[in-house]
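# following is a predicted model, sequence given first.
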Amino acid sequence: MGMIHSSGNSRPGNYEEKINKIMGIISASGSSRPENYKEKIKQIVENINTSRPGHNYEEYIKKFILEMVNTSGSSKPENHEEHVNNTGQSDTSGSSFTGNGFQNYEEPSNDEDGIERRMKEFDQELSKIVGLHELKLQLKKWAKGMLMDEKRRAMGINLGPRKAPHMAFLGNPGTGKTTVARILGKLLQSVGVLSSDSVIEVQRSDLIGEYIGQTGPKTRKKIEEAMGGTLFIDEAYRLAPEQGAGHSQDYGVEALEEIMSVMEDGNIVVIFAGYTEPMKRVFSSNAGFCRRVSHFFQFDDFTCNDLAQMVTIKMSKQNEKSRLYGFKLHPSCTPGAILKVIEKNSTEKLRNKLNGGLVDHMLNNARENLDSRLNLNSKGDELLTITLSDLEAGLKILSQRINVD
């Protein structure tokens, strides 16, 4: 038998003893051994020797003894399970020996730790989003259910499939619908619901053709692009014609029917997003919509406090592609001071119309105001520092440019 040698991994010193114990258990069964018995012994030792550090090496031995005893063609010792358990414990199911040796080998992992880690990562991603507290509670509850099912399957329970988690995101623009879709895409891929975490974003113009016969192929092309991942349809209500619009046939309905036809395939998740009231047209335009879409999430408008937090967070986490990369807020621009600027210089209608978009416009306008008030002799930090007066001017400019009835 091959010997387990030192390869820099941290292992208990009794591994050779446990391999020898395995040999004794197999011999005690009085069985005839498989023809490639020695080859399998050599393979399991090689796997242990070449494995990366930090894994449960006892699990390899446990799998080995189970396979050897199960394939020996004879009755097992009465205390077979006890001997196996003495070699190590794990919840994972791995690959097995075949006639050609150890195939599709996977290093064992701790399923329970993995589930807890993914839930923690999901919580952390959601925590990066300002506000939306009720929505976050809904999403966490739903995600926990997905992860609990994975835990049940890890126990060997053959569960019936969950309904495909197609969703409707309801709310005004700028409330984080696209951001949440990307977070959910990662979760769905991590639990095996989807093979990819990609999110393909489309609008009506990406799906609708100009002439008869163009919409079907155009929509199918986008569906094929999203297969294995998530298809995110922004302003989905535009696919359903308004009553009395005067169109005998709207190509949006054709696109919607194409999308509905693949929603039970199990290899794609579709998210319909849009204003709450207009989205009701989509619900009623296709008889199968509510049967296929199983989750409805409401995205509430951001409060003034939420928007003030977003300003400080956005300015503290700029990346090189940002228009404001290199700029900073003056120390006087505290969340409380920014809150007062927003409350004083914007209406509720404007805030609800733009939500997070208000922050982007406000900061871009503030930079323009900074350029306007500086002179060509300005230097140092003053060239890069946005003040409260810049933020206030930026918000006033926005209010003047955008007409909210």
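That came through, no problem. Numbering: from 1, shown residues only.
# and for Gly192, the neighbour number?
11 (other CB atoms under 10 Å). Every C-beta, even on glycine, is put in place using the N, C-alpha and C of the backbone.
# can you count the residues close to the residue nearest to it when sequence neighbours are not counted?
In this structure, Gly192 finds its nearest non-sequential neighbour in Glu150, 7.2 Å apart by CB to CB, 6 or more residues apart in numbering. A count of neighbours around Glu150, defined by other CB under 10 Å, yields 17.
# now for the helix or strand that contains Glu150, which elements pack on it?
When secondary structure is defined using DSSP states H and E, the element that contains Glu150 is helix 133-154. Contact analysis of helix 133-154 by 3 or more CB pairs under 8 Å, 6 or more residues apart in numbering; DSSP states H and E lists helix 111-127, helix 177-190, strand 293-299 as its packing neighbours.
# the bottom helix or strand of the chain by mean pLDDT?
strand 97-98 (a mean of 32; mean pLDDT, DSSP states H and E).
# buried set for the helix holding Glu150?
Across helix 133-154, burial judged by 16 or more other CB atoms under 10 Å covers Leu135, Leu139, Trp142, Ala143, Met146, Leu147, Asp149, Glu150.
# of those, which is the nearest to Arg323?
When the buried residues of helix 133-154 are compared for distance to Arg323 (CB to CB), Leu135 comes out closest, at 28.3 Å.
# any idea how far that closest one is from Ala168?
Remark: distance between Leu135 and Ala168 (CB to CB, to the nearest Å) = 13 Å.
# show me the shaky parts of the protein.
Within the chain, the stretches with pLDDT under 70 are 1-113, 243-249, 403-405.
# which parts of it are strands?
All strands of the chain, identified by DSSP state E, fall at 97-98, 101-102, 166-171, 199-202, 230-233, 269-274, 293-299, 328-329, 385-386.
# and for Glu125, the neighbour number?
17.
# okay, the helices and strands packed on helix 133-154, which one's buried deepest?
helix 177-190 (a mean of 20; mean count of other CB atoms under 10 Å).
# and the angle for that helix with helix 111-127?
170 degrees (axes from the mean of the first three to the mean of the last three CA atoms, to 10 degrees).
# alpha carbons of helix 177-190, as CSV, please.
As requested, C-alpha coordinates have been extracted for helix 177-190 and formatted as CSV (Å, rounded to 0.1, in the frame of the first residue of the first chain):
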residue,chain,number,x,y,z
LYS,A,177,-34.6,47.4,-8.1
THR,A,178,-31.7,46.7,-10.5
THR,A,179,-29.2,46.5,-7.6
VAL,A,180,-31.4,44.0,-5.7
ALA,A,181,-31.8,41.9,-8.9
ARG,A,182,-28.0,41.6,-9.2
ILE,A,183,-27.7,40.5,-5.5
LEU,A,184,-30.5,37.9,-6.0
GLY,A,185,-28.8,36.7,-9.1
LYS,A,186,-25.7,35.8,-7.1
LEU,A,187,-27.8,34.1,-4.4
LEU,A,188,-29.7,32.0,-7.0
GLN,A,189,-26.5,30.9,-8.6
SER,A,190,-24.9,30.0,-5.2
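# hey, what's in contact with both of Leu135 and Ala168?
By the contact definition CB atoms under 8 Å, 6 or more residues apart in numbering, Leu135 and Ala168 are jointly contacted by Phe297.
# beta partners for Val202?
With DSSP bridges as the criterion, Val202 is bridged to Ile233.
# start at 9, not 1
Will do, 9 is the new start, and the previous item becomes Val210.
# now do it against Ala281, distance only.
Here the criterion is CB to CB. By it, Val210 lies 10 Å from Ala281.
# and if you look at Arg246?
Arg246 sits at a distance of 11 Å from Ala281 (criterion: CB to CB).
# now do Asn363
13 Å.
# got it, and Leu145?
Counting by CB to CB - Leu145 and Ala281 are separated by 20 Å.
# ditto for His369
21 Å.
# more neighbours: Asn363 and Ala281, which one.
Shown here are Asn363 and Ala281; by other CB under 10 Å, Ala281 has more neighbours (26 against 22).
# the more buried one contacts Ala176, correct?
Yes - using CB atoms under 8 Å, Ala281 is in contact with Ala176, at 7.5 Å.
# list residues touching both of these two?
With CB under 8 Å, 6+ apart, Ala281 and Ala176 have common neighbours Ala244.
# quick one: the helices in the stretch 259-408 of the chain?
259-269, 284-293, 297-300, 312-324, 343-353, 356-362, 364-381, 396-409 (DSSP state H, counting those that start in this stretch).
# switch those helices over to JSON lines; also include mean neighbour count and distance to Ile216.
Below are those laid out as JSON lines (neighbours: other CB atoms under 10 Å; distance: least, CB to CB, whole Å):
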{"stretch": "helix 259-269", "mean neighbour count": "20", "distance to Ile216": "5"}
{"stretch": "helix 284-293", "mean neighbour count": "16", "distance to Ile216": "15"}
{"stretch": "helix 297-300", "mean neighbour count": "14", "distance to Ile216": "18"}
{"stretch": "helix 312-324", "mean neighbour count": "19", "distance to Ile216": "34"}
{"stretch": "helix 343-353", "mean neighbour count": "17", "distance to Ile216": "38"}
{"stretch": "helix 356-362", "mean neighbour count": "17", "distance to Ile216": "26"}
{"stretch": "helix 364-381", "mean neighbour count": "19", "distance to Ile216": "25"}
{"stretch": "helix 396-409", "mean neighbour count": "19", "distance to Ile216": "30"}
